[in-house]
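S.K.: need coordinates for the below:
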Amino acid sequence: MPGHSPRFRAEELRRLIRHHNDRYYRDDAPEIPDAEYDQLFRELQRLEEEHPGLADPDSPTQRVGAEPVEAFGTVVRTVPMLSLQNAFGEEELREFDARVRRFLRGKGAEPETLGYVAEVKIDGLAVELSYEDGVLAQGATRGDGVRGEDVTANLRTIPDIPLRIQGSPGVPPPPPILRVRGEVYMRKADFLRLNRGRELRGEPPFANPRNAAAGSVRQLDPRVTASRRVRLWVYGTGQTGAEALPCPSHREELELLSRWGFPVNQEESRVCRSLEEVLAFYREIERRKGDLSYEVDGIVVKVDSLAIQRELGEASRSPRWAVAAKFSPDRQETAVEKIVLSVGRMGTLTPVAILSPVTVRGVTVRRATLHNQDNVEAKDIRPGDRVIVQRAGDVIPEVVESVSARRGDAGRGEPFRMPDRCPVCGSPAARVPGESAHRCTGSGCVAKRKESLRHFVSKNAMDIEGMGPKILSALVDEGLVAEPADLYRLERDTLSGMERLGEKSADNLLRAIGRSRNPSFSRFLYSLGIRHVGEHLAEVLARRFGSLEALLNATSEELSAVHEVGSEVARSIAEFFSSPEGTRTVDLLLREVAPVPMPPLEGRAAGKTFLFTGTLEIPRAKAKELVRREGGTVAVGISRKVDYLVAGTDPGSKADKAREAGVPILSEAEFLELVGGGIPG
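M.R.: Next up is the predicted model:
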């Protein structure tokens, strides 16, 4: 939320993005649409760019996708499957073109003409196929870009995928090792047919074709994959250097793949000699996307020349020579009936627009967050205004702008002003210095209490299944629960006597409460709702200190020395555990629950932080993965928290800075000896 510090917001965004990455890539069950995910991702990118001190090598902006599930074997790539930068609308496509030209101009390599290949962006599951001497040897999902899931047996069942590349006159043979990348998808008609069959059998239907395709590929039984009509479009290779195909352009690379028998979507792709031709293709596909036999959510634009692609290279997680131009999310106009305030667990007052019901992309929306007073003033949103609403998923959508303000309508309502008192408890509401948020200052605010309890019982905290908002609210209103420890003293007769609960539900709820009495230390820590301590940071602290006792005895210097914990976070933790409210909460909880200490970090790099510089003989991604596998962390810059700098050839200024800071410098051989010498994959 904009009301928190940049560090807190960045940590919150990383947790959200990791969660949604897992739901999308690993579980094939996304909770939000791409538009909302993209907003979260771009906000995190902006924060990290504006605040270099927030840099984190484990940030989702440095990675792609999610961890593979344990049910499949893991495939480790030497050439990562990168994610594409996103562009929204024609203006951002123009910015991409200008960015490419600016980079090449700086290299003295800008050509007179810059051609592109534009292709429809299929909404499916990215995979890589590996061929050895023309025979399909392995197939894997994208996973996190470097590591994917081995789904060879399932991919072999897809008729579009050649099991062997047949030679033919006039077509050069494939190289000994060929890596082909594409998108597994399902046509709309096949998706509807599959869902009808599932409904007849009493099985839950898939949410969309992408989920159906991904779920079909990631089956433990290949016969299930074979029974479903999934297909493949190929869009390129993972070849580099000496492995690269004998093609000067991406267009010719696709033509060669097609001649080898791979399905290439030639009908819905376009060789563009200028940016204007790219824009024309973008408009054309957006106009007729509903007529295509498969789902698309934009187009992919790539520089055609492979030599120029190599010159452009990549930045972080994305190639500089390609962009995913997404279509605009659906928007609708409606009216703001009134603006109300919600109170969060930290006491943050958030203005919320109550809307005249409107259907946006099949979902009826009635509420939209307005974030804070500054946002309301910047957009000049008032009760009674006509506004544009953009759906950001099956959650509270976003008010994009006030149509009434833009038109200068007469007779508009009064401007919204944040009250000076909490609307729930009447305590003074004050703006946090240096932030956009207003907060309730009342220690006994019932709204704050309810939200804190909702956080405590949530899935990623104590995970008390069945303890929903309505039940919690009723328990608080009836004076049965005032703080977390009270939940563990609830009795069966009390619960079963509540409206709409009953004896069976009461029994289920009591069992769920009982199961939560021995949480992991990280879950317990996260459940306390300490400001700035999100799910990931709770895990970091739990791993570092092991137990609550060790954390309580930690000095502020020891807290600040933990990777990802700065002075502000350390101060927040110390203030919570030293405050009367925090002390009381923890003391009462420890009479009811017994957090399980975290096992000590294992591995040769446990508790150590490494930084890499220069050129290594092993791929940098593999070196970093080896550190993490052995229990260590990877830094992005020299600081007193770095234990070792690993220097390859041409180490640059980082080595000088390391010497000045007294950071030990290891050669690649010394590094491999220290961490065990095993190279992932």
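S.K.: I161 against V151, yeah?
M.R.: No - judged on CB atoms under 8 Å, I161 makes no contact with V151 at a distance of 11.4 Å. For glycine as for every other residue, the C-beta is placed from the backbone atoms N, C-alpha and C.
S.K.: overlap in contacts of those two?
M.R.: G139 (CB atoms under 8 Å, 6 or more residues apart in numbering).
S.K.: so which of those two has more stuff around it?
M.R.: Neighbours per residue (other CB atoms under 10 Å) separate I161 from V151, with V151 holding more: 25 against 22.
S.K.: which residues sit against stretch 465-473?
M.R.: Contacts of stretch 465-473 (CB under 8 Å, 6+ apart): 450, 453-454, 457, 481, 487, 498, 501, 505, 508-509, 512-513.
S.K.: repeat that for 7 Å
M.R.: Stretch 465-473 is touched from outside by 450, 453-454, 457, 508-509, 512, with contacts defined as CB atoms under 7 Å, 6 or more residues apart in numbering.
S.K.: end-to-end on that stretch?
M.R.: The straight-line separation of the ends of stretch 465-473 (CA to CA, to the nearest Å) is 15 Å.
S.K.: how about that stretch: buried residues?
M.R.: 467, 471-473 (16 or more other CB atoms under 10 Å).
S.K.: report the buried residues of stretch 246-260.
M.R.: 247, 249-251, 253-254, 256-257, 260.
S.K.: nearest to P423, of the residues you listed?
M.R.: H250 (57.8 Å; CB to CB).
S.K.: please name the residues that touch the closest one.
M.R.: With contact taken as CB under 7 Å, 6+ apart, H250 is in contact with 117, 302, 304, 306.
S.K.: work out for me the element the second one sits within.
M.R.: If I follow you right, that is K302. strand 296-303 (DSSP states H and E).
S.K.: just the strands in the stretch 1-150 of the chain please.
M.R.: Remark: strands assigned in the stretch 1-150 of the chain by DSSP state E, counting those that start in this stretch are 74-76, 85-88, 116-122, 125-132, 135-141, 147-149.
S.K.: go on, the stretch 401-550 of the chain?
M.R.: Secondary structure of the stretch 401-550 of the chain (DSSP E, counting those that start in this stretch): strands located at 429-431, 438-440.
S.K.: any idea how far the residue at the greatest distance from the centre of the chain is from R259?
M.R.: Of all residues in the chain, P169 has its C-alpha farthest from the mean position, at 47.0 Å, by CA atoms, centre = their mean. Distance of P169 to R259, given as CB to CB, to the nearest Å: 11 Å.
S.K.: same deal with R604?
M.R.: Distance from R604 to R259, by CB to CB: 49 Å.
S.K.: what is the end-to-end distance of stretch 60-75?
M.R.: By CA to CA, the extent of stretch 60-75 from end to end equals 20 Å.
S.K.: can you check stretch 488-502 too?
M.R.: Length of stretch 488-502, first residue to last, CA to CA: 19 Å.
S.K.: so for it, mean pLDDT?
M.R.: Mean pLDDT, taken over the full extent of stretch 488-502, equals 87.
S.K.: do the same with stretch 90-100
M.R.: pLDDT averaged over stretch 90-100 gives 89.
S.K.: hmm, back to that, now, of the strands of the stretch 401-550 of the chain, which is deepest in the fold?
M.R.: With neighbours defined as mean count of other CB atoms under 10 Å, those peak in mean count at strand 438-440, which reaches a mean of 23.
S.K.: centre of the chain to it, how far?
M.R.: Centroid separation for strand 438-440 versus its chain: 29 Å, with CA atoms, centre = their mean, to the nearest Å.
S.K.: run through who's touching it.
M.R.: 343, 346-349, 373, 418, 422, 425, 427, 429-432, 448.
S.K.: for P428, what are its contacts?
M.R.: Counting by CB under 7 Å, 6+ apart, the residues that P428 touches are 420-421, 441.
S.K.: pick the one among those closest to V264.
M.R.: Set against V264, the nearest of the contacts of P428 by CB to CB is T441 (62.8 Å).
S.K.: enumerate every residue touching the closest one.
M.R.: T441 makes contact with 427-430, according to CB under 7 Å, 6+ apart.
S.K.: tell me the pLDDT at it?
M.R.: 90.
S.K.: tell me which element A189 is part of?
M.R.: Per DSSP H and E: helix 188-200 holds A189.
S.K.: helices and strands around that helix, which ones?
M.R.: If contacts are counted by 3 or more CB pairs under 7 Å, 6 or more residues apart in numbering; DSSP states H and E, helix 188-200 sits against helix 209-217.
S.K.: tilt between the helix it packs on and strand 135-141?
M.R.: 130 degrees (axes from the mean of the first three to the mean of the last three CA atoms, to 10 degrees).
S.K.: my guess is P174 contacts G134. True?
M.R.: Yes - applying CB atoms under 7 Å, one finds P174 in contact with G134, separated by 5.2 Å.
S.K.: mutual contacts of these two, please.
M.R.: With CB under 7 Å, 6+ apart as the test, P174 and G134 both reach I165.
S.K.: quick one: stretch 177-195 to chain centroid distance?
M.R.: 23 Å.
S.K.: swap that for stretch 638-645, please
M.R.: The answer for stretch 638-645 is 28 Å, by CA atoms, centre = their mean.
S.K.: can you check stretch 165-185 too?
M.R.: 33 Å.
S.K.: what sits up against it?
M.R.: 81, 122, 124-134, 209, 213, 217, 230-239, 243, 246, 257, 259-262, 294.
S.K.: change it to 6 Å
M.R.: With CB atoms under 6 Å, 6 or more residues apart in numbering as the test, stretch 165-185 has contacts from 122, 124-131, 133-134, 213, 217, 230-238, 259-260, 294.
S.K.: next one: stretch 518-538
M.R.: 8, 11-12, 15, 345, 452, 455-456, 460-462, 539, 542, 569, 572-573, 576, 594-598.
S.K.: tell me which of those fall in helices.
M.R.: Taking DSSP state H as the definition of helices, the contacts of stretch 518-538 contribute 8, 11-12, 15, 452, 455-456, 539, 542, 569, 572-573, 576.
S.K.: tell me which of those is nearest to P619?
M.R.: Using CB to CB, those come closest to P619 at E539, 27.0 Å.
S.K.: check the gap between the closest one and P423 for me.
M.R.: In this structure, E539 and P423 are 35 Å apart, going by CB to CB.
S.K.: repeat that for F576.
M.R.: 26 Å.
S.K.: go on, L292?
M.R.: L292 is 49 Å from P423, where distance means CB to CB.
S.K.: again, but for D656
M.R.: From D656 over to P423 (counting by CB to CB), the distance is 57 Å.
S.K.: same check on G566?
M.R.: 34 Å.
S.K.: could you do K107 as well?
M.R.: The value you get for K107 to P423, if CB to CB is used, is 58 Å.
S.K.: these two: which is more packed in?
M.R.: More crowded of K107 and P423, by other CB under 10 Å: P423, with 14 against 10.
S.K.: what about the nearest residue to that one once chain neighbours are set aside, neighbour count?
M.R.: Nearest residue to P423, sequence neighbours excluded (CB to CB, 6 or more residues apart in numbering): L341, at 4.9 Å. Using other CB under 10 Å, L341 has 20 other residues around it.
S.K.: SS state for L341?
M.R.: The three-state label given to L341 by DSSP: H, G, I helix; E, B strand; the rest coil is strand.
S.K.: mind listing what it touches?
M.R.: L341 neighbours (CB under 6 Å, 6+ apart): 349, 351, 423.
S.K.: ok, so of the ones in helices among the contacts of stretch 518-538, who is nearest T141?
M.R.: Proximity of those to T141 (CB to CB) peaks at R15, which lies at 23.2 Å.
S.K.: separation between the residue nearest to P80 when sequence neighbours are not counted and F456?
M.R.: Spatial nearest neighbour of P80, excluding adjacent residues (CB to CB, 6+ apart): G145 at 4.3 Å. G145 is 35 Å from F456, where distance means CB to CB.
S.K.: more neighbours: those two, which one.
M.R.: F456 (24 against 20).
S.K.: the more buried one: what's it in contact with?
M.R.: 462, 484, 527.
S.K.: out of those, which are buried?
M.R.: For the contacts of F456, buried by 16+ other CB under 10 Å: 462, 484, 527.
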